[in-house]
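In: Sequence unavailable; structure follows:
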């Protein structure tokens, strides 16, 4: 299971609850990399000036005022560690609001836990309207919203932290949003299966920043149009305590809560809450669970339900069945979290519908029987058995018989024990002086019809750059794919000159755009090599552009022109150009294979360009088509590029020339003229069978690679682009129809009709993505 926050090349060793040691490789690295434990640099907040004794100004950082509102015992178990960490941090000021069940005697007066942790409570708000029904819940929200504004006006927090999916948290988020206070929501993006989902997602939409616990939660937040820059995948804060808790030497604790004769794994923890969308059924299910536990005849620690509608009836059922005085049962209003997790770790089973059975129990591999629908949407480990209907005592009893004292491996879906430092760094990185208005990242959609004089008079366009090994070209390309202006210069031989020349050409093109009535939306750059499109950096170049490595193109160009800049590999640009202007317009899944000096390509899947983990997806030129074969520029042998690229054809042309077998009647080659692939093609057209055989080998190698792509990726279309596409097309099609699986033979193989695929692809980076938040 993942070790959160580590590099993908790192592993962490963790001791399981049974003493075994396991390795965990982190699939969450991409989300955590920006906020890794060692590398995150905190953004400066507003500077305040004070005067020293001699009157000189001393610049100090303004401390973040972080207000944390806690409503009940459950959310304090998650928020408490954050509060303690903020209290210790010299750059932040902790403010604490306590409300909800914390202040009710029937639920343990759990505000005392906060005081025991040495934290000051800035405000106590009695917000619960008793009644434990739907109306009381609504009235409680209203009462909280009446009382909260005065408190928030007094505290003036920079950030309000709310947790989870309780109705109390909804009142906090709604109040803070209307008062223009930044909201940080903990544990958004999760799915449980009840009204809690609606509340949780409503809080998400009101919140400005998000801390989530799992990859799926992170993906759901993105699907809800939240800004990825404001989401932190940190893991669950409770795991920071769970994975360091000493859960073995605990006999005294077990005797305290279970009974003097109780032993490890010889008791059950029961914790069930009302389901507010179907109160009657959840009350019935609670009674059935108690009947099953009475029949099962084991020691049971049973916690009282939360304050949701229906809890009063559930408590009444406990008393009617004599649970409070039964020798096997130990009822508890509240168990301190650090003691509760030890009980969970050593229980023979846990039963009910609490999230603790899904989250905390998983860290120890404790068997769980989850009843009903309240948690069925959550991610679970192997330790959870769902009894979704739970409509008979026998069904619940059978589930207990299956799970009780069963052994399961620990599950680390929800955390790795390092959530708190990540969250603290994330909070400190929030710029509290920026505009508070929240934005959303909507998926692409048809543009709305709006008339603007600038739109009428100007053509939306892009500055497109084709960075080649011999030629550096800059063009103005309209939204319809028309090249309005094109300038070409020889590519300089060093990086400093390349960047200077590129900047000059872009500035010139920007000036020409004014005379052409073109509105420039941004700059798109197509270049060879491996590119990090997220950062706009050329990571590794091809040999055609020697030394073009670790080049940040986005920062200097964007600073100079005050325009957004996109950078991508030339093969990917060819695919994007085809998607916007070519045969890919109406195709959601296709592959473009670019044939030129090298072989490149791009893969469009579900309408989006696939970059891959390290930005080297669709490096088709280095697909192996032979176990052996000519040496490739990459150092390997048998690559497609060593057979089918312009460089490979030039190599074979020179070999034929050396043997005196290239030139045929009708050809004339100057004494100083360099032999290239075009001479090989000319010779083949004039009837040279050896030259034609070389082209056929190149075509068959390309077909072999294409067949593999068809079998692996199953695209709807293959588009061949570049100089050699027309030369290879017929032979590639024949080979595919002869050798591919029947299911792949019907895929359309087309030759691109784009005259300038590199420039159009670079332009499409801008024209397709200029209005999107991420690319």
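Out: Looks like it came in fine. Just so it is clear, the model here is predicted, and its values are computed rather than measured.
In: Strands of the stretch 101-250 of the chain, start to end?
Out: According to DSSP state E, counting those that start in this stretch, the stretch 101-250 of the chain carries its strands in the segments 123-125, 159-163, 182-186, 209-212, 231-233.
In: Rank the helices and strands of this protein by mean pLDDT and give me the bottom one.
Out: Taking mean pLDDT, DSSP states H and E as the measure, strand 11-15 is the helix or strand of the chain with the lowest mean score, a mean of 34.
In: Stretch 557-572: which residues count as buried?
Out: Neighbour-count burial for stretch 557-572, counted by 16 or more other Cβ atoms under 10 Å, picks out 557, 561, 563, 564, 565, 566, 567, 568, 569, 570, 571, 572. Yep, even glycine has a C-beta here, placed from its N, CA and C like the rest.
In: now swap in stretch 281-298 and tell me
Out: Here stretch 281-298 shows 281-283, 285-294, 296 as buried, counting by 16+ other Cβ under 10 Å.
In: Residue 592 belongs to a helix, doesn't it?
Out: No - secondary structure of residue 592 (DSSP: H, G, I helix; E, B strand; the rest coil): strand, not part of a helix.
In: Just to confirm, what's the three-state secondary structure of the nearest residue to it once chain neighbours are set aside?
Out: Distances taken as Cβ to Cβ, 6 or more residues apart in numbering place residue 575 nearest to residue 592, at 4.0 Å, with adjacent residues excluded. Per three-state DSSP, the local secondary structure of residue 575 is helix.
In: so who does residue 575 touch?
Out: 584, 590, 591, 592, 601, 602, 603, 604, 609, 618, 719, 761 (Cβ atoms under 8 Å, 6 or more residues apart in numbering).
In: can you list the weak-confidence ranges in the stretch 151-300 of the chain?
Out: When residues are selected by pLDDT under 70, those of the stretch 151-300 of the chain lie in 193.
In: what do you get if the cut-off is 90, keeping everything else the same?
Out: Scanning the stretch 151-300 of the chain with the threshold set as pLDDT under 90 gives 164, 166-167, 191-197, 238, 241-249, 261, 274-282.
In: Which residue ranges of the stretch 51-200 of the chain form helices?
Out: Under the criterion DSSP state H, counting those that start in this stretch, the stretch 51-200 of the chain contains helices at 73-88, 111-116, 134-155, 167-178, 195-206.
In: okay, those helices in TSV with mean neighbour count next?
Out: Shown next, in TSV, are the helices of the stretch 51-200 of the chain (neighbours: other Cβ atoms under 10 Å):
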stretch	mean neighbour count
helix 73-88	20
helix 111-116	15
helix 134-155	16
helix 167-178	23
helix 195-206	19
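In: any chance of those in TSV, plus distance to residue 680?
Out: Output for these, formatted as TSV (distance: least, Cβ to Cβ, whole Å):
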stretch	distance to residue 680
helix 73-88	68
helix 111-116	80
helix 134-155	76
helix 167-178	68
helix 195-206	61
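In: before we move on, the earlier item: dump the strands of the stretch 101-250 of the chain to TSV, plus mean neighbour count and distance to residue 69.
Out: Below are these laid out as TSV (neighbours: other Cβ atoms under 10 Å; distance: least, Cβ to Cβ, whole Å):
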stretch	mean neighbour count	distance to residue 69
strand 123-125	18	9
strand 159-163	27	6
strand 182-186	25	10
strand 209-212	26	15
strand 231-233	23	19
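In: And the ones you listed: which comes nearest residue 487?
Out: Nearest to residue 487, of all the strands of the stretch 101-250 of the chain, is strand 231-233, at 41.7 Å by Cβ to Cβ.
In: partners of the closest one, with directions?
Out: strand 209-212 (parallel) (DSSP bridges).
In: Give me the buried positions along the lengthiest helix in the chain.
Out: For the chain, the helix with the greatest residue count under DSSP state H is helix 689-713. Of all the residues in helix 689-713, those buried under the rule 16+ other Cβ under 10 Å are 690-692, 694-695, 697-710.
In: other SSEs contacting the following helix or strand past it?
Out: For helix 689-713, the following helix or strand on the C-terminal side (DSSP states H and E) is strand 717-722. Under the contact definition 3 or more Cβ pairs under 8 Å, 6 or more residues apart in numbering; DSSP states H and E, strand 717-722 sits against helix 570-581, strand 590-595, helix 689-713, helix 725-739, strand 748-751.
In: Turn those into TSV, including mean pLDDT.
Out: Listed next are the helices and strands packed on strand 717-722 as TSV, based on pLDDT from 0 to 100:
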stretch	mean pLDDT
helix 570-581	91
strand 590-595	92
helix 689-713	92
helix 725-739	91
strand 748-751	92
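In: Select, out of these, the one closest to residue 757.
Out: Taking the helices and strands packed on strand 717-722 one by one with Cβ to Cβ, helix 570-581 is closest: 4.7 Å.
In: Now do that closest one against strand 590-595, angle only.
Out: 130 degrees (axes from the mean of the first three to the mean of the last three Cα atoms, to 10 degrees).
In: quick one: helix 570-581 to chain centroid distance?
Out: 25 Å (Cα atoms, centre = their mean, to the nearest Å).
In: swap in stretch 626-640?
Out: Distance, centroid of stretch 626-640 to centroid of chain: 36 Å (Cα atoms, centre = their mean).
In: ditto for stretch 679-697
Out: Worked out by Cα atoms, centre = their mean, stretch 679-697 lies 50 Å from the chain centre.
In: cool, stretch 284-296 as well?
Out: 42 Å.
In: again with stretch 152-160
Out: Taking mean C-alpha positions (Cα atoms, centre = their mean), stretch 152-160 and its chain are 30 Å apart.
In: of all the buried residues of stretch 557-572, which two lie farthest apart?
Out: 561 and 571 (25.7 Å).
In: tell me the contacts of the residue of the chain most remote from its centre?
Out: Within the chain, the residue lying farthest from the chain centre (Cα atoms, centre = their mean) is residue 665, at 61.7 Å. Residues near residue 665 by Cβ under 8 Å, 6+ apart: residue 686.
In: Okay, and residue 488 sits in which element?
Out: With DSSP H and E as the criterion, residue 488 is inside strand 483-490.
In: so what does that strand touch, helix or strand wise?
Out: Partner elements for strand 483-490 (3+ Cβ pairs under 8 Å, 6+ apart): strand 471-478, helix 495-515.
In: Tell me the spatial nearest neighbour of residue 607, not counting adjacent residues.
Out: Residue 607 sits nearest to residue 588 (Cβ to Cβ, 6+ apart), 4.7 Å away.
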